[in-house]
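Asks: I would like to see how this sequence folds:
(one chain, ligands or ions: 1)
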Amino acid sequence: MPAFIGQSTQTLLPRGKAPRVLVVGGGWGGLTTAANLRKQAPGAEVVLIDRNPQFFSSPLSNMWLVGMVDGELLTQDYLRVSEQLGYRFVQAEVQAIDRAQRRVTTSLGTIDYDWLVLAPGIRYQYEAWFGNDRVAADAARTRFPCAYASNSEFLAIKRSLQDFKGGELVMNLPPPPQRCPPSPYERACLIAWYFKTNKIKGHITILDHKPAITPIGPGYRAAFDELYKNYITYVPNAHVQEVDPFNRRIRTRAGDQRFDHAILMAPHKAGDLAWLAGTVSDRSEGWADVDQVTMQVRGDERTFVIGDAIQAVSSLPFRYYPKSAHIANRLGRIVAYQISERLAGRAPERRLPDNLCYMVVNGTPGQALNVQFDYDFDPEGRVRQVQRDFNERTPALFQDDFRWLDFMFGEMFGGIAPPVRPNPAFRT
Ligand SMILES: Cc1cc2nc3c(=O)[nH]c(=O)nc-3n(C[C@H](O)[C@H](O)[C@H](O)COP(=O)(O)OP(=O)(O)OC[C@H]3O[C@@H](n4cnc5c(N)ncnc54)[C@H](O)[C@@H]3O)c2cc1C
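Replies: Down below sits the predicted model:
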């Protein structure tokens with residue numbers, strides 16, 4: 001299938017006879033949707049759009065930051081994947097979505113569709129810290145990026161770690177819901193491991209909005225105390241009140257903190273596309289308003305939103321699915337099934353996702369923790385969550401993390417990705 005790179009025409013893709021499913025956002029949710037649609041709806045035309053030419057995996061990226069994994073193994077070329085799996089890839093920025101006309105406007109032209117799947121990920125809400133002060137927001141984002149919403153920031157963090165000569169490194173966790181809640185603690189452990197291994201006199205302060213580490217709190221607590229006693233200080237209830245990126249200070253409800261370097265994470269909200277498409281009905285909440293089972297936008301049966309961008313799915317206390325790659329993958333499967341059943345004239349059954357996250361806490365030897373979530377319906381029809389934390393750090397869980405990624409990549413990339421393994425120096 002040809003890609004469309006650098007063309008400029010009014011109608012980008014002429015319509016054929018087949019119904020067209022347009023998947024916008026080639027992250028974990030979008031790639032899974034496209035791959036499964038190709039298999040389950042062979043009569044449909046499947047088009048995937050992303051602004052980037054390549055996918056880069058956030059899962060395992062913390063290991064890449066500290067040199068434990070080769071970045072090439074986490075990177076995949078969209079064009080190659082689309083050719084392998086038999087769908088069309090368009091590299092373009094989506095600029096407008098007209099759900100009434102079923103038309104998407106991109107930087108290269110317009111694309112009409114019959115079914116639309118939005119998998120836009122998240123955006124940062126720097127306004128919560130800086131109001132309308134764009135200069136301060138830009139300074140925080142460019143000098144102290146966190147690489148949670150933008151892949152291009154990963155390289156900046158890696159370089160800043162390589163240049164770090166020692167001193168105080170501050171990391172903050174925003175209020176929930178946030179993308180991948182356990183991964184900032186994983187990042188802190190791996191950076192501390194990197195300091196320790198390379199004899200860098202660095203110290204990490206974790207400023208957490210929450211009252212305690214969660215999930216896998218006891219496992220992380222043990223790693224902080226037993227492996228990184230002189231490297232990590234954990235501060236709970238650290239609600240951010242003021243950030244000064246110029247003088248390197250952060251004021252929280254738990255006290256003031258000066259820093260030499262920081263990984264600053266503004267609160268998370270649904271990605272821009274969810275707002276652009278008019279799917280965010282509660283603007284202060286800031287997530288896409290979808291049916292909690294079908295992922296259809298309320299009042300619009302032809303548009304689905306999946307992945308991190310969706311709102312709460314239950315009135316029970318957990319409220320949100322964890323904003324994880326695993327959940328995005330499962331919701332991608334569910335939506336591909338929903339659309340293919342509808343195209344075949346059948347009524348889809350109700351399906352729920354599951355979630356699984358491995359979090360690495362040590363490099364030598366490689367050791368990881370694990371958290372699992374299962375979902376079903378309670379007698380009142382609400383989505384119910386059962387969470388299981390595996391707090392004992394083990395080499396077996398470390399190995400399982402790589403197996404998990406291989407399995408996911410197998411589904412998303414159709415078997416063209418080589419197995420992901422730690423760099424030989426870190427094999428356990
Ligand atoms: C450091 C870190 C570690 C993590 N570790 C794990 C882990 O171990 N396990 C796990 O399950 N999860 C993990 N996650 C979370 C996981 O990465 C996210 O939950 C997942 O990426 C969500 O998938 P998504 O499809 O919703 O969004 P994304 O993967 O962010 O995809 C969104 C896509 O939309 C595209 N896009 C957005 N706007 C436009 C536009 N206007 N035009 C064109 N394209 C656009 C973007 O380029 C992007 O490719 C981690 C995240 C981070 C940051």
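Asks: going forward, measure contacts between C-alpha atoms and count neighbours the same way
Replies: Will do.
Asks: from the ligand, how far out is the residue lying closest to Gly255 once chain neighbours are set aside?
Replies: Among residues not flanking Gly255 along the chain, Ala238 sits closest, at 7.5 Å (C-alpha to C-alpha, 6 or more residues apart in numbering). Applying C-alpha to the nearest ligand atom, to the nearest Å, one obtains 21 Å for the distance of Ala238 from the ligand.
Asks: give the helix, strand or coil label for Ala238.
Replies: Under the three-state scheme (DSSP: H, G, I helix; E, B strand; the rest coil), Ala238 adopts coil.
Asks: mind listing what's buried in stretch 343-355?
Replies: Arg351, Leu352, Pro353, Asp354, Asn355 (16 or more other C-alpha atoms under 10 Å).
Asks: spit out the contact partners of the residue nearest to Gly255.
Replies: With contact set as C-alpha atoms under 8 Å, 6 or more residues apart in numbering, Ala238 has these partners: Leu207, Asp208, His209, Lys210, Thr252, Arg253, Ala254, Gly255.
Asks: 6 Å - rerun?
Replies: Leu207, Asp208, His209, Thr252, Arg253, Ala254 (C-alpha atoms under 6 Å, 6 or more residues apart in numbering).
Asks: in strands, which of these appear?
Replies: Among the contacts of Ala238, the members found in strands (DSSP state E) are Leu207, Asp208, Thr252.
Asks: the second one: neighbouring residues, count only.
Replies: One way to gauge burial is a neighbour count; for Asp208, by other C-alpha atoms under 10 Å, it gives 24.
Asks: what is it paired to in the beta sheet?
Replies: Note on Asp208: beta-bridge partners Leu173, judged by DSSP bridges.
Asks: ok, it to Ala139 distance?
Replies: Distance, Asp208 to Ala139, by C-alpha to C-alpha, to the nearest Å: 22 Å.
Asks: which of the residues in stretch 358-371 are buried?
Replies: Across stretch 358-371, burial judged by 16+ other C-alpha under 10 Å covers Tyr358, Met359, Val360, Val361, Asn362, Gly363, Gly366, Gln367, Ala368, Leu369, Asn370, Val371.
Asks: the stretch 101-250 of the chain: strands as residue ranges?
Replies: All strands of the stretch 101-250 of the chain, identified by DSSP state E, counting those that start in this stretch, fall at 103-106, 109-112, 115-118, 122-124, 167-173, 202-208, 232-235, 240-244, 249-252.
Asks: is the first one anywhere near the ligand?
Replies: Just to be clear, that refers to strand 103-106. No. Residues of strand 103-106 are not located near the ligand by C-alpha under 6 Å from any ligand atom, the shortest gap being 7.5 Å.
Asks: strands paired with that strand, and their directions?
Replies: Strand 103-106 is paired, per DSSP bridges, with strand 94-98 (antiparallel), strand 109-112 (antiparallel).
Asks: before we move on, back to that, closest to Trp404 out of the ones in strands among the contacts of Ala238?
Replies: Using C-alpha to C-alpha, Asp208 comes nearest to Trp404 of these, at 28.0 Å.
Asks: domain ranges for this protein, per the record?
Replies: Domain segmentation of the chain under automatic domain parsing yields 20-121+271-352, 125-267.
Asks: return the most buried member of these.
Replies: domain 20-121+271-352 (a mean of 20; mean count of other C-alpha atoms under 10 Å).
Asks: that one spans what distance, first to last residue?
Replies: 25 Å.
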